[in-house]
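J.: Test case, fold it:
(4 chains)
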There are 2 protein chains.
Amino acid sequence: MRAVAVTISDVARAAGVSKGAVSYALNGQAGVSEDTRRRILSTAAALGWTPSLRARSLSSSKAYALGLVVARDPKLLGTDPFFPSFIAGIETTLADRGYSLVLTVATKPGAEEASYRRLAHEGRVDGVILSDMRTDDSRIALLLELGLTAVTLNRPNTPSPFPAVCMDDTEGISHAVQHLVDLGHTRIAHVGGSQHYIHGLNRRNAWADTLQRNGLDHDLFIEADFGAVEGVAATADLLARENPPTAIVYANDIMATAGQAHAQQRGLRIPDDLSITGYDNTEYAQYLNPALTSIGSDPLLWGSAAAQVLLNQLGGTHDGDDVVLPAPGLITRGSTAAPHGRSTPGSN
Amino acid sequence: MRAVAVTISDVARAAGVSKGAVSYALNGQAGVSEDTRRRILSTAAALGWTPSLRARSLSSSKAYALGLVVARDPKLLGTDPFFPSFIAGIETTLADRGYSLVLTVATKPGAEEASYRRLAHEGRVDGVILSDMRTDDSRIALLLELGLTAVTLNRPNTPSPFPAVCMDDTEGISHAVQHLVDLGHTRIAHVGGSQHYIHGLNRRNAWADTLQRNGLDHDLFIEADFGAVEGVAATADLLARENPPTAIVYANDIMATAGQAHAQQRGLRIPDDLSITGYDNTEYAQYLNPALTSIGSDPLLWGSAAAQVLLNQLGGTHDGDDVVLPAPGLITRGSTAAPHGRSTPGSN
DNA sequence: AGACTTAACTAAACCGGTTAAGTGGCCGAT
DNA sequence: ATCGGCCACTTAACCGGTTTAGTTAAGTCT
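T.: Numbering: from 1, shown residues only, chains lettered A, B, ... in the order given. Coordinates of the predicted model:
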């Protein structure tokens, strides 16, 4: 077998110093001369020593890990392309800094709070990343109670002591709506996500504001849950109205995809009879028939940035400001066109 | 502030015993009488004491965590609905047993091995779950070298000392092919996933075997990478042939979706001119136009079972046998029908 | 030259558990 | 009665780091 384990004592002995000196040298603290530090570090390297994470954890009361609690209805879990990429982004930052990610999935209502409590109580993590912010999000108070540091994705609507990493939802939706208006649409509906989510709310507001700026009504709104089933129901509701929309802006690609299929089954041609836009620019969006106009966010970047801010916050080197990432842009594809095949008016 | 921390010493003092006795009582070991054990445990409960994970980790050389390394091309990461549900399944088992999941995402070639090495070297985890088994999978030797325990999803093709949790791929594909044969198809192609994966290989073999059993050729095979882009390319290749297939069995829903859209853009009607089947039964599959016939696996169950087996293995209570889960079944939808609108022949 | 800092270390306590080794009391066997 | 053995504990070492409280030698000030 290989050398079982080389400890700080082995290094100290080999370098002819005390354990304490090795610790100082390792952590870049005062207490050893530059010469000695170099000597210690080189003998450490020669012995192939790395400090034990566990021992370090115990004596320094740190976990060297971050937590992410994903709260999702089991049905919606597999559909969202956000998390895998987001997590990959987190990893790119963490791996470099010797941190790990502890992931928890909460599929039942009470499980989310329990997860945070457990992570904090067991000391599994030093901080958590809060995604899917909700209005009056109870997690902020919870984390304060638990003494966990955090970073939030976008700024919550309640006072929060935690830094936020922001990626604006509204710009993309505004572009989508304006794009439809420019094409000549006047009855533009919105199938939103749950309005308990800040981003659900933001997207709706951006839709409404842009319509208002163009002097159009924003009464064609239906709230759904970001899932395909409710996306279909909302679409059915809208299309059954006396004066149905000629375009629907969906809050994500899943609902848009489901809505598009439903409209087609009803005999509508897309985009001629109905224009459709999504959000997320999922991989399959471009392979739908017709390909889906969507808004392409960057979860990888978001994850990487969030992890960085949180680590800096933990290290005390964060300046306290929110970090603002570039807003996702509109990707125009075949699912949007002028209503009833009319050509684009000269606006824009 | 709340009580800072109650330690084993506090409990020992309160119960009038030594630290050791408390430890014995906690871990159900011999060394204390039943009466004393109860007394200790009840004072522990009264004080709200839970043993420190960190201290325990250090002295018992265990991490109380499992690892999962997801190796994926960044482009394919968001598309696969498998992992979120799979992870949720793992969680359901872990949470009950006080374990946590450390997740790593490896997007670059060398990163996967580095991840395993890091998890082992830092002692972050006690064992790992190996998914996406490959032929001659180098991870098995790697984990043996690193001294990590593991469980594999399906049995690898090389000797492996680790227990496997199996969910048969071949049955679903056989059903799909037989279903198409029964509808009257004779030229049934397969767009497979990467043949480096055992499940890519299995699905291809199941397709070929079923055709052979029905006296049909199995020469219409193209290997792709489970991604949409290569799915389209493979479809284009097949449809451009002199004698194109009337049905295509894809190795997953993403490629099937992309292939379907491509065929439709070429002017083919589905299912009349071309039948299509997928694999995974993704959420959006039923909302495609037409809805996609697919094979519905159960990642949640798989994750939960895998975690259970691994924990038992770690605890020494696993019997060493592989666990076999029910094989996923075929879900028939609108994307499959008799070729050229002919009615189903009388078979089956 | 003596008092006082300060740099560069060492020794030992500490984090909060587990566990090997030791101790006293009770029991049955000789 | 006495010895061995076992039960129910206690004591203390240990896991591998961090950190506080010394200690020593050299330098500074007056």
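J.: Just the helices from the stretch 51-200 of chain A, written as ranges.
T.: Taking DSSP state H, counting those that start in this stretch as the criterion, the stretch 51-200 of chain A carries its helices at A:53-60, A:74-77, A:82-97, A:111-121, A:138-146, A:170-183, A:198-213.
J.: can I get the ones you listed in JSON lines with distance to B:Val232 and mean pLDDT?
T.: C-beta coordinates here come from the backbone N, C-alpha and C atoms, glycine included. Listed next are the helices of the stretch 51-200 of chain A as JSON lines, based on distance: least, Cβ to Cβ, whole Å; pLDDT from 0 to 100:
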{"stretch": "helix A:53-60", "distance to B:Val232": "46", "mean pLDDT": "96"}
{"stretch": "helix A:74-77", "distance to B:Val232": "27", "mean pLDDT": "76"}
{"stretch": "helix A:82-97", "distance to B:Val232": "21", "mean pLDDT": "92"}
{"stretch": "helix A:111-121", "distance to B:Val232": "39", "mean pLDDT": "95"}
{"stretch": "helix A:138-146", "distance to B:Val232": "42", "mean pLDDT": "96"}
{"stretch": "helix A:170-183", "distance to B:Val232": "26", "mean pLDDT": "98"}
{"stretch": "helix A:198-213", "distance to B:Val232": "30", "mean pLDDT": "97"}
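J.: wait, which of these is closest to B:Ala21?
T.: Nearest of the helices of the stretch 51-200 of chain A to B:Ala21, taken as Cβ to Cβ: helix A:53-60 at 21.9 Å.
J.: Next, the angle from the closest one to helix B:53-60.
T.: Relative orientation of helix A:53-60 versus helix B:53-60 (axes from the mean of the first three to the mean of the last three Cα atoms, to 10 degrees): 130 degrees.
J.: residues in contact with helix A:53-60?
T.: The contact list for helix A:53-60, computed with Cβ atoms under 8 Å, 6 or more residues apart in numbering or on different chains, reads A:62-64, A:123, B:52, B:54-55, B:57-58, B:61, B:63, B:122-124.
J.: please redo it, this time with the cut-off set to 10 Å
T.: Helix A:53-60 is contacted by residues A:7-8, A:23, A:26-27, A:52, A:62-65, A:98, A:100, A:123, A:126, B:52-63, B:121-124 when judged by Cβ atoms under 10 Å, 6 or more residues apart in numbering or on different chains.
J.: Could you turn the buried ones of the residues you listed into a ChimeraX selection?
T.: Selecting only the buried entries of the contacts of helix A:53-60 in ChimeraX, with 16 or more other Cβ atoms under 10 Å in any protein chain shown as the criterion:
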select /A:7,8,23,26,52,62,63,64,65,100,123,126 /B:52,53,54,56,57,58,63,122,123,124
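J.: Mind jotting down where the strands sit in chain A?
T.: Assigned by DSSP state E, chain A shows strands spanning A:65-71, A:100-106, A:127-130, A:149-153, A:164-167, A:188-192, A:221-223, A:247-250, A:275-277, A:294-296, A:323-325, A:329-331.
J.: What about the closest residue to A:Phe82 other than its chain neighbours, how many residues nearby?
T.: Leaving aside its chain neighbours, A:Phe82 sits nearest to A:Pro299 (5.1 Å; criterion: Cβ to Cβ, 6 or more residues apart in numbering or on different chains). Per other Cβ atoms under 10 Å in any protein chain shown, the neighbour tally for A:Pro299 reads 25.
J.: ok, now how distant is A:Pro299 from B:Arg38?
T.: The gap separating A:Pro299 from B:Arg38 is 51 Å, by Cβ to Cβ, to the nearest Å.
J.: which of the residues in the one helix or strand in chain A whose mean pLDDT sits lowest are buried?
T.: Lowest on mean pLDDT, DSSP states H and E among the helices and strands of chain A sits helix A:74-77, with a mean of 76. Across helix A:74-77, burial judged by 16+ other Cβ under 10 Å covers A:76-77.
J.: cool, and stretch A:97-115?
T.: For stretch A:97-115, a neighbour-count test (16+ other Cβ under 10 Å) marks A:99-107, A:111-113, A:115 as buried.
J.: Those residues: which two are farthest apart?
T.: The largest separation in the buried residues of stretch A:97-115, counting by Cβ to Cβ, is between A:Tyr99 and A:Thr107 at 25.9 Å.
J.: With the flanking residues excluded, which residue is spatially nearest to A:Ile198?
T.: In space, A:Ile198 comes closest to A:Met133 once its chain neighbours are excluded; the distance is 4.5 Å by Cβ to Cβ, 6+ apart.
J.: That neighbour and A:Met167 touch, don't they?
T.: No: A:Met133 lies out of contact with A:Met167 (Cβ atoms under 10 Å); the separation is 11.8 Å.
J.: shared neighbours of these two, which are they?
T.: A:153-154, A:199.
J.: May I ask which of these has the most neighbours?
T.: Counting by other Cβ under 10 Å, top hit in those: A:His199 with 25 neighbours.
J.: A:Gly316: neighbouring residues, count only.
T.: Counted with other Cβ under 10 Å, residues neighbouring A:Gly316 total 6.
J.: if I look at it, how far off is A:Ala63?
T.: A:Gly316 is 17 Å from A:Ala63, where distance means Cβ to Cβ.
J.: Show me how chain A divides into domains.
T.: Using automatic domain parsing, the domain ranges for chain A come out as A:8-51, A:65-168+A:299-327, A:170-296+A:330-341.
J.: Run through chain A and note the low-pLDDT ranges.
T.: Within chain A, the segments meeting pLDDT under 70 span A:1-4, A:341-348.
J.: Closest approach to DNA strand C from the stretch 201-348 of chain A, which residue is it?
T.: At 19.4 Å from DNA strand C, A:Leu314 is the closest residue in the stretch 201-348 of chain A, using Cβ to the nearest atom of the strand.
J.: Contacts only, for that residue.
T.: A:62, A:64, A:66, A:99, A:126-127, A:149, A:151.
J.: go on, A:Arg269?
T.: A:263, A:290, A:337, A:340-341.
J.: Just give the closest residue to A:Val128, not the sequence neighbours.
T.: A:Val128's closest residue in space is A:Gly67 (Cβ to Cβ, 6+ apart), at 4.2 Å.
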